[in-house]
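In: Sharing a sequence plus its predicted fold:
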Amino acid sequence: MKILCAEYNEAGEAGIIPLGDDVLLRNNGNFYIPEFTREVSCVPQLVVRLCKLGKSVSEHFAGRYYEEIGVGIRFYADTLAEELQKKALPVGIASSYDGSAAISVLVPKEGRMQWEMKVNGKTVGCAEKQTWPVPIERLISLASDFHTLKIGDFLFCGSRCRYTGLQTDDRIQMFFNDKLLLNFKIK
């Protein structure tokens, strides 16, 4: 199983980053702020589980490569990223450490795809499929150009929404089509 993650630049172009499976934070487990950072931010996003084997998949057919969808949150160790940038070192480890990618249960995909993220009961981000920066099908096609897609792989679809300043005891909730799928605390 691979974890593939879309990330965006300022122009809205996407790139795909592979991560190890140790990044997954499942079953609404609490997120623990790592000792190697003082500041943590997060990016809410849709997550799809791939259901077909594929390489160089056309965007036209990419919708056939997933049947289940959920929500996820990628956590970023901002202080560590800044320190690594100052040293001209790669910053990937600042978003690919143990438990840095929360994932919900997955539900069958349907036409409507909308997520909403709340921190301490306040909505801090939301998006619908129509406003997504890069369509899921294009992300699947892009990922398949560089990686062989396998059954059970996860694709975190990225987002332009980034919430900064997470604190201990914050409660994070994520909804997909008005259903609460993620609900945990920052420790």
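Out: Right, received. Where do you want to start?
In: all helices of this protein, in order?
Out: 78-86, 136-146 (DSSP state H).
In: For the last one, enumerate the helices and strands it packs against.
Out: Looking back up the chat, that one is helix 136-146. In terms of contacts (3 or more Cβ pairs under 8 Å, 6 or more residues apart in numbering; DSSP states H and E), helix 136-146 is packed against strand 3-8, strand 14-19, strand 40-50, strand 154-156. From N, CA and C alone the C-beta is placed, and that goes for glycine too.
In: Make CSV from these and add distance to residue 27 and mean neighbour count to it.
Out: What follows is those, written out as CSV (distance: least, Cβ to Cβ, whole Å; neighbours: other Cβ atoms under 10 Å):
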stretch, distance to residue 27, mean neighbour count
strand 3-8, 16, 20
strand 14-19, 19, 16
strand 40-50, 14, 24
strand 154-156, 15, 26
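In: Mind checking these for the one nearest to residue 145?
Out: The closest of the helices and strands packed on helix 136-146 to residue 145 is strand 14-19. By Cβ to Cβ, the value is 8.5 Å.
In: Provide the contact partners of that closest one at residue level.
Out: 2-9, 92, 96, 101, 133-134, 138-139, 142-143, 146-147, 158 (Cβ atoms under 8 Å, 6 or more residues apart in numbering).
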